[in-house]
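In: need coordinates for the following:
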Amino acid sequence: MMVRYLLILIQMLLLSFWLGFSSLKAQPMIDAEERKAVVEDLSKELNQSYVFPEVAREMSALMKKKLEAGKYKSLDNPIDFGDQLTADLQSISHDKHLRVNFNPDQNKGMRSGRGQESEEDREKRMDAMRKQMQRGNYGFKEVKILEGNVGYLDLRGFMNPAEAGETATAAMNMLQNTEAIIFDLRSNGGGDPGMIQLLTSYLYDKNDRIHLNSFYFRPSDDTTQTWTLPYVPGARNPEAEVFVLTSNYTFSAAEEFTYNLKNLERATIVGETTGGGAHPGGTRPIAERFVAFVPVGRAINPVTNTNWEGTGVSPHVSVPKENALKVAHQMAMEKLAEKVEDSADKAYFAWYGEHLKALNEPVKIPVKDLEKMAGNYGARNLVFEQGQLLYQREGRPKMELVTIDKVTFALADDPGIRFVVEMENEEPVALTLKRLNGPPERSERTKVKP
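Out: The predicted structure follows:
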């Protein structure tokens, strides 16, 4: 079955390459006349719409100067020309949202009425987008409950709530009883601010009205605001400790979600500094075969009165993205153990916190001490193999152990069970099974296993 999938994948990649190559061959190369038309049209679009007029003028002047000097003359491939224009624009603006692409089909679909598609073309495009979003489950990659009643949501994109609202509601309702929530945005490149508003609303009480962000838009010369919603379907979780995982790929709307919660002091950010894109905008047709994403607005956070453009969002806890989840999970247990007052609750979170710390910061025990502990303890056995201890109940498979301290071990697959080796005169004399919930069971050592 796996071989079949690999063959299908290879065939799809080859077909994709052939189609792309054929499409490029079918498209004529770009000439001087088209290069000039692109520069003129792009300059006009930037001067009319780009969020910072003075920067638009600088970018326009640079492109025209390079065009007149023949700097673009060697760029016969339209894809290369688009890439070069992008690099030139970003060299001045440092705006990662601002891009120019060779895309004749998209241009054609938008050119009627300069950005106004026909109803038929719009429906076709929207149907294709819906299908793509549905196949990706609207960005909701994984929702689960981690050890210690910590909710985890791996979100790959912020989709429009009009399409993705039901999926978002299902995800947040699954996490309604958790005492901490980890939003994993390490592979999230952005999306729709409406989803930011919806998800954030689940983290506040219905009576709270929280100003999340404001956006200034140059074309209309006005400012809009987003606030938490007075109603969301299902249950909210305003008491949950919140963590957001980030990477250098985290961008745009994913950064806004992170930046909002950080400045509202509603979440702890763990991971890497994000990409640094805070300017919303839209795609514009340029000349006959190009399109450009032109940022037309800027975010204005109500706490900082600025945004994350060019700087990204820095984490509270800076760790490589690969380690962010395990660090955040351990922090959640530690925070909850400090937060709760009930002794049983404290013991619960401390128990899982110790287990996670042992996984993140392994305890080293000398091999000779591990070998010494191996043996029979009634029906329970500690087995020493390949430098580590394993647990085995008589007649059952061996199970991997996690070292908590020099005499305490937990089942790797069931952190709710631990084994404590009782030592006397530096020799093991008994093994006690401890459960998170339930009485301990002590078994005296009966013999040393060879």
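In: what helix or strand does Phe349 sit in?
Out: helix 343-360 (DSSP states H and E).
In: let me fix that: Leu203
Out: Per DSSP H and E, there is no helix or strand for Leu203.
In: for it, phi and psi?
Out: Dihedral pair for Leu203: phi -100, psi 0, per degrees, to the nearest 10.
In: and what of Ala337?
Out: Dihedral angles for Ala337 - degrees, to the nearest 10 - are phi -60, psi -40.
In: hmm, it is touching Trp351, no?
Out: No: if you go by Cβ atoms under 8 Å, Ala337 and Trp351 don't touch, sitting 9.1 Å apart. (C-beta placed from N, C-alpha, C; glycine too.)
In: pick out whichever of the two has more residues nearby.
Out: Regarding Ala337 and Trp351, a neighbour count based on other Cβ atoms under 10 Å identifies Trp351 as having more, with 22 against 19.
In: the more buried one and Lys434, how far apart?
Out: Applying Cβ to Cβ, to the nearest Å, the value for Trp351 to Lys434 is 9 Å.
In: also Leu382?
Out: In terms of Cβ to Cβ, Leu382 sits 15 Å off from Lys434.
In: neighbour-wise, which of the two wins?
Out: Set Leu382 next to Lys434 and count neighbours by other Cβ under 10 Å: Leu382 wins out with 22 against 17.
In: which helix or which strand is home to that one?
Out: Following DSSP H and E, one finds Leu382 within strand 380-385.
In: what segments of the protein are helices?
Out: Along the chain, counting by DSSP state H, helices occupy 2-26, 32-49, 53-68, 78-93, 104-111, 119-135, 161-174, 193-201, 253-263, 324-339, 343-360, 367-373.
In: tell me which of these sits most buried.
Out: helix 253-263 (a mean of 26; mean count of other Cβ atoms under 10 Å).
In: packing partners of that helix?
Out: Applying 3 or more Cβ pairs under 8 Å, 6 or more residues apart in numbering; DSSP states H and E, one finds that helix 253-263 contacts helix 193-201, strand 211-217, strand 241-246, strand 268-271.
In: export the shortest one as PDB, just CAs?
Out: C-alpha atoms of strand 268-271 as PDB (Å, rounded to 0.1, in the frame of the first residue of the first chain):
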ATOM      1  CA  THR A 268       2.500  32.900  27.100                       C
ATOM      2  CA  ILE A 269       4.300  32.800  23.800                       C
ATOM      3  CA  VAL A 270       6.800  29.900  23.300                       C
ATOM      4  CA  GLY A 271       9.100  29.400  20.300                       C
END
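In: for that strand, packing partners?
Out: Here strand 268-271 touches strand 241-246, helix 253-263, strand 317-318, helix 324-339, going by 3+ Cβ pairs under 8 Å, 6+ apart.
In: name the residues that touch the shortest one?
Out: Outside strand 317-318, the residues within contact range by Cβ atoms under 8 Å, 6 or more residues apart in numbering are Thr268, Ile269, Val270, Gly271, Glu272, Thr273, Val327, Ala328, Met331.
In: which one of those residues is nearest to Gly136?
Out: Nearest to Gly136 out of the contacts of strand 317-318 is Gly271 (Cβ to Cβ; 22.2 Å).
In: neighbours of the residue lying closest to Met174 once chain neighbours are set aside, how many?
Out: Distances taken as Cβ to Cβ, 6 or more residues apart in numbering place Val143 nearest to Met174, at 5.3 Å, with adjacent residues excluded. Residues lying near Val143 (other Cβ under 10 Å) number 18.
In: would you confirm that Val143 contacts Leu153?
Out: Yes: look at Val143 against Leu153 with Cβ under 8 Å: they come within range, at 5.4 Å.
In: joint contacts of the two?
Out: Common contact partners of Val143 and Leu153 (Cβ under 8 Å, 6+ apart): Ala171, Leu175.
In: so what's the nearest residue to Gln388 once chain neighbours are set aside up against?
Out: Closest residue to Gln388 apart from its sequence neighbours, by Cβ to Cβ, 6+ apart: Leu370 at 6.9 Å. Neighbouring residues of Leu370 by Cβ under 8 Å, 6+ apart: Phe384, Gly387, Gln388, Leu389.
In: quick check: the gap between Leu370 and Thr403.
Out: Applying Cβ to Cβ, the value for Leu370 to Thr403 is 9 Å.
In: do the same with Leu42
Out: Separation of Leu42 from Thr403 (Cβ to Cβ) stands at 61 Å.
In: returning to that earlier point: list just the nearest of the contacts of Leu370 to Glu341.
Out: Nearest to Glu341 out of the contacts of Leu370 is Leu389 (Cβ to Cβ; 36.5 Å).
In: contacting residues for that closest one?
Out: Residues in contact with Leu389 (Cβ under 8 Å, 6+ apart) are Leu370, Met373, Ala374, Leu382, Val383, Leu401, Phe409.
In: name the nearest of those residues relative to Gly109.
Out: The nearest member of those to Gly109, counting by Cβ to Cβ, is Leu401 at 60.2 Å.
In: local confidence estimate at Leu370?
Out: The model reports Leu370 with a pLDDT of 95.
In: just give me the neighbour total for the closest residue to Asp205 other than its chain neighbours.
Out: Leaving aside its chain neighbours, Asp205 sits nearest to Pro238 (4.5 Å; criterion: Cβ to Cβ, 6+ apart). Pro238 has 13 neighbouring residues, counting by other Cβ under 10 Å.
In: ok, the one 5 residues further on next?
Out: Taking other Cβ under 10 Å as the neighbour definition, Phe243 ends up with a count of 29.
In: contact partners for Glu444?
Out: Here Glu444 is in contact with Tyr377, Gly378, Val429, Ala430 (Cβ under 8 Å, 6+ apart).
In: so how far is Thr432 from it?
Out: As judged by Cβ to Cβ, Glu444 and Thr432 stand 10 Å apart.
In: which strand runs longest in the chain?
Out: Ranked by number of residues, the top strand in the chain under DSSP state E is strand 414-424.
In: would you mark the buried spots in that one?
Out: Within strand 414-424, the residues that count as buried by 16 or more other Cβ atoms under 10 Å are Pro415, Gly416, Ile417, Arg418, Phe419, Val420, Val421, Glu422.
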